[in-house]
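**Student:** quick one: sequence and predicted model below, then my questions.
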Amino acid sequence: MDIVYIRDLRVDACIGIYDWERKIRQQIKIDLEMGWDNRPAAETDDIQYTLNYKESAKLVAAYVQKSEFQLVETLAERVAELLIKEMKLPWVKVSLGKPVAVSGSQEVGVIIERSAK
Ligand SMILES: Nc1nc2c(c(=O)[nH]1)N=C([C@H](O)[C@@H](O)CO)CN2
């Protein structure tokens with residue numbers, strides 16, 4: 001399987017378990033690896049056969065921006081479900097982190113891989 005990727009997509013969202021986190025918006029950093037067969041696009045040089053990374057990024061950013069989950073686990077799971085359903089992906093790897101959540105660290109978060117059922 002080939003991969004179409006998006007790295008370092010930054011979106012502000014309401015996320016966290018603490019009271020103070022419910023009152024602010026924090027930056028979320030998202031890396032995506034999305035399974036796709038790139039050969040039809042390469043053979044035809046036609047955007048219609050691609051997994052369009054611009055459309056995928058817009059879809060994820062719009063969703064994350066409106067989300068209000070407590071855990072990064074929940075948000076990552078929902079992003080994976082959204083991409084599998086809307087972009088018809090066979091497989092996706094979602095890395096989702098909070099860059100400023102834990103002092104002394106560069107970033108904390110989760111990495112999940114999910115397949116279409
Ligand atoms: N595995 C997780 N651990 C923690 C989470 C989380 O979403 N998943 N969240 C927090 C707090 O919201 C934290 O980010 C505030 O600094 C703590 N641990």
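**Tutor:** Okay, I see it.
**Student:** okay, now the unreliable bits of this structure?
**Tutor:** For the chain, applying pLDDT under 70 flags no range at all.
**Student:** residues from it in reach of the ligand?
**Tutor:** Residues of the chain lying near the ligand by Cβ under 6 Å from any ligand atom: 16-18, 21, 71-73, 98, 101-102. C-betas here are computed from N, CA, C, even on glycine.
**Student:** how about a cut-off of 5 Å?
**Tutor:** 16-17, 71-72, 101 (Cβ under 5 Å from any ligand atom).
**Student:** sort out which of those are buried, if you could.
**Tutor:** Among these, those scoring as buried are 16, 72, 101 (criterion: 16 or more other Cβ atoms under 10 Å).
**Student:** wait, which of those is closest to Ala42?
**Tutor:** Val72 (34.8 Å; Cβ to Cβ).
**Student:** list the contacts of the closest one.
**Tutor:** Applying Cβ atoms under 8 Å, 6 or more residues apart in numbering to Val72 gives the contacts 15, 28, 96-98, 108-110.
**Student:** for Ile30, see how far away it is.
**Tutor:** 10 Å (Cβ to Cβ, to the nearest Å).
**Student:** shared neighbours, those two?
**Tutor:** What both Val72 and Ile30 touch, as defined by Cβ under 8 Å, 6+ apart, is the set 96-97.
**Student:** run through the helices of the chain in chain order.
**Tutor:** 19-22, 39-44, 53-66, 72-86 (DSSP state H).
**Student:** pick the most buried one from the ones you listed.
**Tutor:** helix 72-86 (a mean of 18; mean count of other Cβ atoms under 10 Å).
**Student:** ok, back up a step: Ile6: which of the helices of the chain is closest?
**Tutor:** Once the helices of the chain are compared by Cβ to Cβ, helix 53-66 is nearest, at 5.3 Å.
**Student:** for Val11, list the residues it contacts.
**Tutor:** 27-28, 30, 60-61, 64-65.
**Student:** same check, this time on Arg25
**Tutor:** 12-14.
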